[in-house]
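Peer 1: Mind folding the following:
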Amino acid sequence: MNLRNLLFLLTVLIGLSLALPSCNSDDPPAEVPTCTDGILNQGEDTTDCGGPCPPCEVMGMNASVGGYKWVGKNIVATYAGGKLIITADNAVTPLWQIHLVHSGPAQPGTYALDAQSILHQFTIAYAFQSGSITITKFDTQNKVVSGTFSMICKELYTVKVESGVFTVIPYN
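Peer 2: Residues are numbered from 1 along each chain as shown. Model (predicted):
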């Protein structure tokens with residue numbers, strides 16, 4: 001290679017090195033959108049869920065009551081004086097109403113249900129025998145609660161409420 005070609009090649013290489021951005025830039029790196037950035041972006045349905053992210057939680061309540069699928073309707077929840085009360089019925093015949101009562105901390109954990117918890121079928125009240133509630137989310141800022149529950153109630157016969165789930169239930 002002659003001197004003239006070598007100088008030309010060196011000039012091109014030096015020019016390219018000055019023109020290309022440096023890896024040691026003082027500019028902060030651009031943030032890559034994620035499903036945990038707390039920003040409604042990248043086609044999400046609500047902040048950090050839906051679209052390319054995991055599905056958004058949908059409000060609802062369901063369980064197995066005496067072995068039959070029960071889907072909660074007319075769901076009402078309150079939290080006052082350290083007591084969470086969730087009441088729902090299935091809005092069909094036979095009408096079953098579940099009344100869950102938790103006196104305790106407004107935080108995730110597994111707790112025994114209060115004795116005021118009850119199961120109704122029409123006008124028959126099945127007395128609470130035992131049960132538990134697991135709170136997976138107790139959002140006091142947005143006033144929603146999620147979790148699972150089970151209980152055993154008795155009138156003339158014993159009824160098991162199993163595999164109960166409540167998701168993003170708003171409370172007053």
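Peer 1: Which residue, other than its chain neighbours, is closest to the residue nearest the centre of the chain?
Peer 2: Centroid-nearest residue in the chain, with Cα atoms, centre = their mean: Glu57, separated by 5.2 Å. Once flanking residues are discounted, Glu57 sits nearest to Val168: 4.8 Å by Cβ to Cβ, 6 or more residues apart in numbering. Backbone N, C-alpha and C define where each C-beta goes, glycine included.
Peer 1: Within the helices and strands, which one has the one you found?
Peer 2: Assessed by DSSP states H and E, Val168 sits inside strand 158-170.
Peer 1: Can you give the distance of that strand from its chain's centre?
Peer 2: Taking Cα atoms, centre = their mean, to the nearest Å, one finds the center of strand 158-170 at 15 Å from the center of the full chain.
Peer 1: hey, what's Asp139 bridged with?
Peer 2: Counting by DSSP bridges, Asp139 forms beta bridges with Val144.
Peer 1: any idea of the pLDDT on it?
Peer 2: pLDDT for Asp139: 93.
Peer 1: Check Pro21 too.
Peer 2: Model confidence at Pro21 (pLDDT) stands at 55.
Peer 1: Likewise for Cys56?
Peer 2: At Cys56, the model reports a pLDDT of 80.
Peer 1: residues contacting Gly164?
Peer 2: Listed by Cβ atoms under 8 Å, 6 or more residues apart in numbering, the contact set of Gly164 reads Met61, Asn62, Ala63, Ser64, Ile98, Thr148, Phe149, Ser150, Met151.
Peer 1: so of the residues you listed, which ones are in strands?
Peer 2: Taking DSSP state E as the definition of strands, these contribute Met61, Asn62, Ala63, Ser64, Ile98, Thr148, Phe149, Ser150, Met151.
Peer 1: just to revisit the earlier point, just the buried ones from the contacts of Gly164?
Peer 2: Neighbour counting over the contacts of Gly164 (16 or more other Cβ atoms under 10 Å) leaves Met61, Asn62, Ala63, Ile98, Thr148, Phe149, Ser150, Met151 as the buried ones.
Peer 1: a markdown table please, covering those and showing distance to Pro52 and pLDDT.
Peer 2: Conversion of the buried ones among the contacts of Gly164 to a markdown table gives the following (distance: Cβ to Cβ, whole Å; pLDDT from 0 to 100):
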| residue | distance to Pro52 | pLDDT |
| --- | --- | --- |
| Met61 | 28 | 98 |
| Asn62 | 28 | 98 |
| Ala63 | 32 | 98 |
| Ile98 | 36 | 98 |
| Thr148 | 28 | 98 |
| Phe149 | 32 | 98 |
| Ser150 | 35 | 98 |
| Met151 | 39 | 98 |
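Peer 1: how much space between Asn172 and Tyr126?
Peer 2: Taking Cβ to Cβ, to the nearest Å as the measure, Asn172 falls 26 Å from Tyr126.
Peer 1: Thanks a lot, catch you later.
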